[in-house]
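Participant: Please find the sequence and the predicted model below.
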Amino acid sequence: MSYAAYVFDAYGTLFDVHSAVRRHAEAVGPDGQLLSEIWRAKQLEYSWTRALMGQWRDFWTLTEEALDYSFERIPSADKSLKPQLLEAYFKLDCYPEVPAVLKALKATGARVAILSNGSVKMLDSAVRNAALDSVIDDVFSVDELQTFKTDPAVYDMVTTAYRLYPGAVSFQSSNRWDVAGATKFGFRTIWINRAKMPDEYRDLSPSLILPDLNGVE
């Protein structure tokens, strides 16, 4: 079955969130991977907490605050690398299969879009750096709403903009919690389980589970 729109989460789905630290791995030191994992975990935790409290901070601010926390947790990492790591986050690597998959979906006549917690500035930079601006039709950022996923209003940005029923949208994310929210909203969902994690939210199962974007159709 073909869909009118294929919508992708950005971070962890299209863009490798750990590539920022990996790019400076030697300077960061032996605990770089742990630093990166804490950075990502706190970035997400802060978004959920802020959304529930109704105390908005844009995703870039949360990303910076999460990095500050990560440095406190990993004292072996050089805090002076903060500017370089933040700059690298603006230019994250995309996963190898991403350009070809998005191009193939666009060739079907469907719309191809991003729906992300990321700020507009972050997303625009990532898309340009990965040379995906020619295949992505729209970038939907939560900046417009000043809340975060899994608020149903975030997913509704797509259906409102495209004047589609949720069932006409295929949504892909590497984040199981995001897939659960999108499933509840009514999207057809695909969990891109890059990290080979166990399933969660079994009452809100995706239509398909894939190890990467190959196979999305």
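Facilitator: Yep, it's here.

Participant: if I look at residue 167, how far off is residue 157?
Facilitator: 17 Å (C-beta to C-beta, to the nearest Å). (Each C-beta comes from the backbone N, C-alpha and C, glycine too.)

Participant: Compare neighbour counts for those two and give me the winner.
Facilitator: A direct count of neighbours by other C-beta atoms under 10 Å for residue 167 and residue 157 places residue 157 higher, at 18 against 12.

Participant: hang on, that one is in a helix, isn't it?
Facilitator: Yes: judged by DSSP: H, G, I helix; E, B strand; the rest coil, residue 157 forms part of a helix.

Participant: got a list of what it touches?
Facilitator: 115, 140, 144, 145 (C-beta atoms under 8 Å, 6 or more residues apart in numbering).

Participant: packing partners for the lowest-mean-pLDDT helix or strand in the chain?
Facilitator: Scoring the helices and strands of the chain by mean pLDDT, DSSP states H and E places helix 25-28 at the bottom, with a mean of 93. The contact analysis (3 or more C-beta pairs under 8 Å, 6 or more residues apart in numbering; DSSP states H and E) places helix 25-28 against no helix or strand.

Participant: So what's the residue count around residue 10?
Facilitator: Residues within reach of residue 10, counting by other C-beta under 10 Å, total 24.

Participant: pretty sure it is touching residue 124, no?
Facilitator: No: using C-beta atoms under 8 Å, residue 10 is not in contact with residue 124; the gap is 11.0 Å.

Participant: Which residues does stretch 208-215 contact?
Facilitator: With C-beta under 8 Å, 6+ apart as the criterion, stretch 208-215 contacts 13, 95, 97-98, 101, 172, 189-194, 196, 199, 216.

Participant: now do stretch 38-52
Facilitator: Contact partners of stretch 38-52, identified using C-beta under 8 Å, 6+ apart, comprise 12, 17-18, 21, 56-57, 59, 62-63, 65-67, 69-70, 73-74, 117, 147-149, 151, 175.

Participant: buried set for it?
Facilitator: Residues of stretch 38-52 classed as buried: 38, 39, 40, 42, 43, 44, 46, 47, 50, 51 (neighbour count, 16 or more other C-beta atoms under 10 Å).

Participant: Also stretch 15-35?
Facilitator: Going by neighbour count (16+ other C-beta under 10 Å), the buried part of stretch 15-35 is 15-21, 23-24, 28, 31-32, 34-35.
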